[in-house]
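Asker: Here is a sequence with its predicted model. Questions after.
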Amino acid sequence: MPSDERPNFLLFITDQHRADHLGCYGNGVVRTPRIDALAESGWTSDEFYTATPICMPNRASLFTGRMPSRHGVRHNGIELSFAERTLPQALREAGYATVHVGKSHLQNIEVKPPQVPPPGQPRRSHEARQEPAGRHGQEIWRRWEDDPACEIELPYYGFDAVDLSIHHADEQYGHWRRWIRAQVENADSLIGPDHAVPAPEFKLTRIRQAWRTRVPERLYPTSWIADRTIAHLRRLSGATQPFFLVCSFPDPHHPFTPPGRFWSMFKPEDVPAPPSFHAAHGTLPPHLAWLYARRADGTAVRNTQMLFACSEREGREAIALNYGSLACIDEAVGRVLDALDDGGLRRNTVVIFTSDHGDFLGDHQLLLKGPIHYRGLIRVPFIWHEPGGSARRSRALAQTIDIAPTVLERAGVEPWNGIQGASLLPLVQGAGEPVRDAVLIEEEGQRYYMGFRDRVRMRTLLDGRYRLSVYDGVDWGELYDLAEDPDELRNLWDEARARSVRTALAERITRKMIALSETSPYPTRIA
């Protein structure tokens, strides 16, 4: 527990990893012994939720302690402003060495034009917010390919050193792609679906949501990220200053390409489908009915980042390959933790494990992610491991914006005005009360689909028993009693018996949105 010596921090982040896909969260099939060991002598949150279930905005929330509506990264395709204060920046100013290895995604990784508004809505030529100085577009993969001299400008959002891997599956770029090309002649011939080992028995390979990569385990991005993290640990072990080191894996995010033995470690026929796959639903929410209808009439888009309704075989394939990716990550985490021990750093290093959001992975017959806030999508793992700590679990509500203030308090660094999360450190130490009575989850979509007239915009409130989701531009919503209906099968929105609950939750979500409105900067003093 806290001492006079300033602690180091090692933060593991996985990508698109739901909480119940770890052994320490009750999954008896997946193999994650090294991550589970952190929970066996650490503090584990059973009710930890995203600020938003989208990569860029939730990662921005992790490093700013602020909601997407406040830091401005409302959805993918909006880069984090250099005007935002970040956790690594604050730690760096306090004397910490700050390092990021792996996936960052605080800036765009693709060059795509803005979404054009639908007919009848104006398209403006200027924005309300003007960006301060700072170079954006540093993570766009194409620029790294076109320019051999392309590099990150440091410090990068407060990080003194960055080893970058851009994108997903085995099709990653940045520093990793340059490294593998230096290791293997014609390395590009190992990468991507066109060069994959044939696996026709997997339906997901036919829609390029999975392929059996030819990249060997030792050269796969997960291994490289662990290697680079270990290299930084060895360098930092001889330094006198404390460190904040992020080890960020792009897996198990789709497309699913677990390397080598991890591809066949789990068989689709041996993994169970989620309970909600075959369960009888009540009245289907309109957007879920829309997805089912597109599957039935054959018009579903199934080869992009967009969620779709899947078959049971596809769902089982995704789960099996996801488990393979997680087993690969678990071994990489173990190697990093061994290096932490070898360098004598474990005695004063806080180890944190979390993810940016989940994946439906067959829940309600869905694959990937999208604006339907089933708990498999919005609930993520969070483990806080103190040196010499003991196992403790908590059902207190917490979420991504709480990570930054917790690290700051443990480091003895003052948080800034406008930070919206709350420190979980008293809970971690076993002496604190829950920091919140509900969590608010924001989602601002980019796509025009699922029967909505405009891009999907929604807010969700969870209070420990109920989940209320409200959508912009429609007169329907979702309300589930998670105590009686943990698989979220019966939408109570229109049921008379739940009217008073719905009214009370509508008031609470309104108050929560007011409480999370902007408070920075302080107002000018009135004479």
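Answerer: Received the coordinates, thanks.

Asker: Mind naming the longest helix for the chain?
Answerer: Scanning the chain for the helix with the most residues, using DSSP state H, yields helix 312-342.

Asker: these two touch, right, P268 and Y323?
Answerer: No: assessed by C-beta atoms under 8 Å, P268 is found out of contact with Y323, at 10.3 Å. Glycine gets a C-beta too; all of them are placed from N, C-alpha and C.

Asker: Neighbour count for these two, which is higher?
Answerer: Y323 (25 against 20; other C-beta atoms under 10 Å).

Asker: Isn't the more buried one up against M265?
Answerer: Yes: using C-beta under 8 Å, Y323 is in contact with M265, at 7.1 Å.

Asker: what's the overlap in contacts for those two?
Answerer: When contacts are counted by C-beta atoms under 8 Å, 6 or more residues apart in numbering, Y323 and M265 have R31 as shared neighbours.

Asker: How about the most centrally placed residue in the chain: what's its closest non-neighbour residue?
Answerer: Residue closest to the average C-alpha location in the chain (C-alpha atoms, centre = their mean): D356, at 1.2 Å. Counting by C-beta to C-beta, 6 or more residues apart in numbering, D356 lies nearest to N58, which is 4.7 Å off, once chain neighbours are set aside.

Asker: which helices and strands sit right next to the helix or strand containing that neighbour?
Answerer: Using DSSP states H and E, N58 falls within helix 55-64. For helix 55-64, the packing partners by 3 or more C-beta pairs under 8 Å, 6 or more residues apart in numbering; DSSP states H and E come out as strand 8-15, helix 68-71, helix 87-93, helix 403-411.

Asker: okay if I get these as JSON lines plus mean pLDDT, mean neighbour count and distance to D170?
Answerer: JSON lines is the format used below for the helices and strands packed on helix 55-64 (pLDDT from 0 to 100; neighbours: other C-beta atoms under 10 Å; distance: least, C-beta to C-beta, whole Å):
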{"stretch": "strand 8-15", "mean pLDDT": "98", "mean neighbour count": "24", "distance to D170": "14"}
{"stretch": "helix 68-71", "mean pLDDT": "96", "mean neighbour count": "23", "distance to D170": "30"}
{"stretch": "helix 87-93", "mean pLDDT": "97", "mean neighbour count": "21", "distance to D170": "28"}
{"stretch": "helix 403-411", "mean pLDDT": "98", "mean neighbour count": "23", "distance to D170": "29"}
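
Asker: so can I have a markdown table of those showing distance to C247?
Answerer: Formatted as a markdown table, those follow (distance: least, C-beta to C-beta, whole Å):
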| stretch | distance to C247 |
| --- | --- |
| strand 8-15 | 5 |
| helix 68-71 | 23 |
| helix 87-93 | 14 |
| helix 403-411 | 15 |
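
Asker: The closest residue to N322 other than its chain neighbours and D359, how far apart?
Answerer: Of all residues not flanking N322 in the chain, P252 sits nearest, at 4.8 Å (C-beta to C-beta, 6+ apart). Separation of P252 from D359 (C-beta to C-beta, to the nearest Å): 8 Å.

Asker: what touches both of the two?
Answerer: With C-beta under 8 Å, 6+ apart as the test, P252 and D359 both reach Q16, H17, N322.

Asker: give me the number of residues near the last one?
Answerer: Spelled out, that is N322. Here the number of neighbours of N322 (other C-beta under 10 Å) works out to 27.

Asker: Same check on the first one?
Answerer: Using other C-beta under 10 Å, Q16 is surrounded by 24 other residues.

Asker: For it, list the residues it contacts.
Answerer: C55, P252, H253, H254, S355, D356, H357, G358, D359, K369.

Asker: what are the phi and psi angles of it?
Answerer: Taking degrees, to the nearest 10, you get phi 60, psi 60 for the backbone angles of Q16.

Asker: Give me the phi and psi for the residue nearest to the centre of the chain.
Answerer: Torsion angles, degrees, to the nearest 10, at D356: phi -80, psi -30.

Asker: again with G174
Answerer: phi 70, psi -140.

Asker: isn't it right up against E139?
Answerer: Yes: counting by C-beta under 8 Å, G174 touches E139, with 7.5 Å between them.

Asker: Parallel or antiparallel, which strands does the host helix or strand of L440 pair with?
Answerer: Take DSSP H and E as the rule and L440 turns out to sit in strand 439-444. Strand pairing for strand 439-444, using DSSP bridges, gives strand 457-462 (antiparallel).

Asker: what residues does the partner strand touch?
Answerer: With C-beta under 8 Å, 6+ apart as the test, strand 457-462 has contacts from 49, 371, 373, 378, 397, 438-445, 467-473, 482, 505, 508-509, 512-513.

Asker: Of those, keep whichever come out buried.
Answerer: Among the contacts of strand 457-462, the ones that count as buried by 16 or more other C-beta atoms under 10 Å are 49, 371, 373, 378, 397, 438-445, 467-471, 505, 508-509, 512.

Asker: Do a quick rundown of the strands in the stretch 1-150 of the chain.
Answerer: With DSSP state E, counting those that start in this stretch as the criterion, the stretch 1-150 of the chain has strands at 8-15, 43-45, 48-49, 97-102.

Asker: closest one to G26 among those?
Answerer: When the strands of the stretch 1-150 of the chain are compared by C-beta to C-beta, strand 43-45 sits nearest G26, at 11.0 Å.

Asker: in that closest one, what counts as buried?
Answerer: Neighbour-count burial for strand 43-45 [16+ other C-beta under 10 Å]: W43, T44, S45.

Asker: Touching, the residue nearest to the centre of the chain and A60? I think so.
Answerer: No: assessed by C-beta under 8 Å, D356 is found out of contact with A60, at 10.0 Å.

Asker: So what's the residue count around A300?
Answerer: Neighbours around A300, by other C-beta under 10 Å: 18.

Asker: Touching, it and L291? I think so.
Answerer: Yes: in this structure A300 lies within contact range of L291 using C-beta under 8 Å: 7.3 Å.

Asker: between those two, what contacts are shared?
Answerer: Joint contacts of A300 and L291 (C-beta under 8 Å, 6+ apart) are F308, A309.

Asker: which other residues reach stretch 32-44?
Answerer: Here stretch 32-44 makes contact (C-beta under 8 Å, 6+ apart) with 22-25, 326-327, 329-331, 333-334, 337, 351, 353, 381-386, 389-394, 427-428.

Asker: pLDDT weak spots in the stretch 1-150 of the chain?
Answerer: 1-4, 114-116, 118-120, 124-127, 130-133 (pLDDT under 70).

Asker: And the contacts of stretch 289-306?
Answerer: So stretch 289-306 is in contact with 207-209, 284, 307-310, 365-366, 368, 370, 447, 449-451, going by C-beta under 8 Å, 6+ apart.

Asker: How many residues are close by the closest residue to Y220 other than its chain neighbours?
Answerer: Spatial nearest neighbour of Y220, chain neighbours left out: P259 (4.2 Å); criterion: C-beta to C-beta, 6+ apart. Residues lying near P259 (other C-beta under 10 Å) number 23.
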